[in-house]
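Chemist: Fold the following.
(chains A, B, C and D)
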Protein chains: 2
Amino acid sequence: MTEPKTPDAATPADPAKKHGRDGKSNATIYDIARIAGVNASTVSRALSKPGRVSPKTQKLIEDAAAELNYHVNPFARALPTGKTNTFGLIVADITNPTFFDIIRGAETTATERDYTLVLAESAESPATELTAARRLMATVDGLILASPRMDDDNIRALARDKPVVVINREVEGVPCVVPDVHKGLSEAVRSLAGNGHRRIAYVAGPPQSWMSERRWEGVQAACEWSRLEAVRLESTKPTVDGGRQTARDVRASGATAVLTYNDLLAIGLMQELQAAGITVPDQISIVGFDDIFGADFTTPPLTTVRSPLGECGAGAATRLLDLLHGTGEPAGTLSVETELVLRGSSGRILSA
Amino acid sequence: MTEPKTPDAATPADPAKKHGRDGKSNATIYDIARIAGVNASTVSRALSKPGRVSPKTQKLIEDAAAELNYHVNPFARALPTGKTNTFGLIVADITNPTFFDIIRGAETTATERDYTLVLAESAESPATELTAARRLMATVDGLILASPRMDDDNIRALARDKPVVVINREVEGVPCVVPDVHKGLSEAVRSLAGNGHRRIAYVAGPPQSWMSERRWEGVQAACEWSRLEAVRLESTKPTVDGGRQTARDVRASGATAVLTYNDLLAIGLMQELQAAGITVPDQISIVGFDDIFGADFTTPPLTTVRSPLGECGAGAATRLLDLLHGTGEPAGTLSVETELVLRGSSGRILSA
DNA sequence: CTGCTTTTGTCAACCGGTTGCCAAAAATTG
DNA sequence: CAATTTTTGGCAACCGGTTGACAAAAGCAG
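Modeler: Residues are numbered from 1 along each chain as shown, chains lettered A, B, ... in the order given. Purely as a prediction, here's the structure:
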């Protein structure tokens, strides 16, 4: 049984002696030390660096820990090491279904790697996002930003503090996971070209959205290849209502097929056009983006370019955890492929 | 400038002297103490118990803290106090849109009250849920369980450790937030009765779902009042696919109106009936429950009994935070009202 | 068997805050 | 002005782990 070498007032009291362990107080390494007959530092080493103690001592300590139903106090461990086995995920809008598979993917990886996910949202505001990020940084080991709205410099500044991974945007000097829009868009435009469409409208997303620009560039490149005409229309917001509001512009554009920045715009557009007596896809084809929850509820169900959002979330979490464990790439972009999901909202145009 | 009274080896070194504060090291209360010319314990008091130091000293310390861009280390604070200003939320299925607004409501309240939300999911498994709960309990101040799948005894055991609030279920001895199904269901049944329906089918949710039983009881009570016939049908799972699979039973039941355990079942049912050439609502009325994201994407848009899920989330978070601050009710149920949202999927039956 | 090297457990300082207790200073009362 | 009470800042122990340094024990080579 260990005794303090110099039991005068200046020597820290044995905490286990101090606390009665009756009732619901949880066991500490001092309790284990007492039962196992070793020093608390030996217990700490046994639990966090198993090879650093002898097998015999290791077994004594593990048995005592099991007997006491010991669980490490995460604050006590975090204070000297700074490690909490948590990471943060900030999404732009928690009710936007684009993010739910991202969250699901990140959560799945977190659980597999014995980490806890902490969720926050930015409400589409760069300032709120930065505030949430700084606040999370105090307690988490690393951070994932999904469709971040803050500028690149702020993202890099955060990444100087702790590892950061970005989803749906490329930031120089920071590791990113980005859907490769080209494959899915190429498939979409090829499908529309094959169905006889000649003029395609792209309904853009928020002006500050990096991904909306990439998608527009993808649409242009694919249309150029298929020798189709591409026209760009703006939307006021990336929501169902925003899609409704673009219906008039879409009609006026003369396009026979529409590709939208996201599924919500496509769904709103479809609803408004149908309310105006226009038949989808006979009179106009509509293709959305992301394949969110509910995209197949519409009549006809929405053709869309699926972003593998679960893979994005899981991929970002894996990159972050690899960085935390010293095995990751500190910069560069991981691309995940998009693909066309053909449903009923796109097809051959039937009436001129 | 404070000096240690006895600067021998046994006296703890001044940590500020120890650390060079160059570069990215963050300021601590010892740095503030040095600048303000007070003891670190005075700084701690000034920052966490402002009235306990004199106004003059308070200002010195606040000015120094601002100058150093000081932020409290949450682990250091949590170690002696056990407080982290976080709470956990466990949902059954993170991609089930029922939880979107619950999460949003909880997150909004968290932000307003200067707390951080930690999200986890149980994947509909009681064992996984209990594991996640125990793990979260180590670091959060309290916990919200949304549609929990574990049994009442386990919930009460968790609540003995730290405050717990339950959503969508009543547990004796634990504070709960539950939608009051009666108002919304009464409105729904009244509406159907007014439209001439006489026989109503209820498509139930998971066998272990407390809420499904309450909804069935609500349907029965409302039908009894309106002198309608109520028949109960089982589903294999509470999903769109589960709804599709009940279409045959619904047809066979002879009911002219269907109320489902949730919107997903209603949407699947509608899709399958429409695929069979049955017109909604002319030949059969369909009413869902919860008013989830996407419920109005269908054609016709889904009539549903709206659970105010955002209010549930916010209400649960408020109850939890009130408990944490000693002002809350330690048990009992907070009811939030449901209401009928009439859309196009229910109406007068046109053909016998 | 001796000298050298490696292993292993202990000591105690530390991480960055909180807080009970105490004494000095300030304020109040008679 | 003196005695008493209240206020305020400092001391140091503490929260529950981690870990560098050190010394004793164990193992190995000559």
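
Chemist: the helices in the stretch 251-352 of chain A, which residues?
Modeler: Secondary structure of the stretch 251-352 of chain A (DSSP state H, counting those that start in this stretch): helices located at A:263-275, A:309-324.

Chemist: out of the ones you listed, which comes closest to chain B?
Modeler: helix A:263-275 (5.7 Å; CB to the nearest CB). Any C-beta I mention is one placed from the backbone N, CA and C, and that applies to glycine too.

Chemist: For chain B, what is the nearest residue in the stretch 251-352 of chain A?
Modeler: For the stretch 251-352 of chain A, CB to the nearest CB, closest residue to chain B: residue A:294, 2.8 Å.

Chemist: quick check, distance from the helix or strand where residue A:30 lies to the centre of its chain.
Modeler: For residue A:30, the host element (DSSP states H and E) is helix A:29-36. Chain-centre distance of helix A:29-36: 42 Å, with CA atoms, centre = their mean, to the nearest Å.

Chemist: Low-confidence regions, chain A specifically.
Modeler: A:1-25, A:351-352 (pLDDT under 70).

Chemist: what does the domain assignment say about it?
Modeler: A:15-72, A:84-178+A:310-333, A:180-308 (automatic domain parsing).

Chemist: rewinding a little: ok, the residue of the stretch 251-352 of chain A closest to chain B to residue B:100 distance?
Modeler: 11 Å (CB to CB, to the nearest Å).

Chemist: list residues touching both of these two?
Modeler: A:97, B:293 (CB atoms under 8 Å, 6 or more residues apart in numbering or on different chains).

Chemist: Skipping adjacent residues, who's closest to residue A:329 in space?
Modeler: residue A:175 (6.1 Å; CB to CB, 6 or more residues apart in numbering or on different chains).

Chemist: I meant to write residue A:291 there.
Modeler: Leaving out its chain neighbours, residue A:291 is closest to residue A:306 (CB to CB, 6+ apart), at 3.7 Å.

Chemist: repeat for residue A:253
Modeler: Per CB to CB, 6+ apart, closest to residue A:253 is residue A:201, 4.8 Å.

Chemist: Please apply the same query to residue A:333.
Modeler: residue A:176 (4.5 Å).

Chemist: same question, residue A:349
Modeler: residue A:256 (4.9 Å).

Chemist: what's stretch A:289-297 in contact with?
Modeler: Contacts for stretch A:289-297 (CB under 8 Å, 6+ apart): A:97-98, A:100, A:184, A:215, A:259-264, A:266-267, A:288, A:301-302, A:304-307, A:309, A:341, A:343, B:95, B:97, B:267, B:271, B:293-294, B:297-298.

Chemist: still on that earlier bit, could you dump the domains of chain A to CSV with mean neighbour count and distance to residue B:84?
Modeler: Below are the domains of chain A laid out as CSV (neighbours: other CB atoms under 10 Å in any protein chain shown; distance: least, CB to CB, whole Å):
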stretch, mean neighbour count, distance to residue B:84
domain A:15-72, 16, 16
domain A:84-178+A:310-333, 21, 8
domain A:180-308, 21, 32
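
Chemist: Compare those domains and give me the one nearest residue B:205.
Modeler: Nearest of these to residue B:205, taken as CB to CB: domain A:180-308 at 18.6 Å.

Chemist: Pull the distance from the closest one to the chain's centre.
Modeler: Worked out by CA atoms, centre = their mean, domain A:180-308 lies 24 Å from the chain centre.

Chemist: Same check on stretch A:124-131?
Modeler: Worked out by CA atoms, centre = their mean, stretch A:124-131 lies 16 Å from the chain centre.

Chemist: returning to what we had before: am I right that the residue nearest to residue A:329 is in contact with residue A:324?
Modeler: No. Contact criterion CB atoms under 8 Å: residue A:175 and residue A:324 do not qualify, at 11.8 Å.

Chemist: Now the common contact residues for these two.
Modeler: In contact with both residue A:175 and residue A:324: residue A:163, using CB under 8 Å, 6+ apart.

Chemist: quick one: residue A:143 is in a strand?
Modeler: Yes. According to DSSP: H, G, I helix; E, B strand; the rest coil, residue A:143 belongs to a strand.

Chemist: hang on, residue A:170 packs against residue A:177?
Modeler: No. Between residue A:170 and residue A:177 there is no contact under CB under 8 Å: 9.8 Å.

Chemist: shared neighbours, these two?
Modeler: Contacts common to residue A:170 and residue A:177, judged by CB under 8 Å, 6+ apart, are residue A:333.

Chemist: got a list of what residue A:210 touches?
Modeler: So residue A:210 contacts A:168-170 (CB under 8 Å, 6+ apart).

Chemist: Repeat the analysis, applying 7 Å as the threshold.
Modeler: By CB atoms under 7 Å, 6 or more residues apart in numbering or on different chains, the contact set of residue A:210 is residue A:169.

Chemist: And for the closest residue to DNA strand C within the stretch 101-250 of chain A, nearest residue in space, chain neighbours not counted?
Modeler: At 9.9 Å from DNA strand C, residue A:138 is the closest residue in the stretch 101-250 of chain A, using CB to the nearest atom of the strand. Among residues not flanking residue A:138 along the chain, residue B:74 sits closest, at 5.3 Å (CB to CB, 6+ apart).
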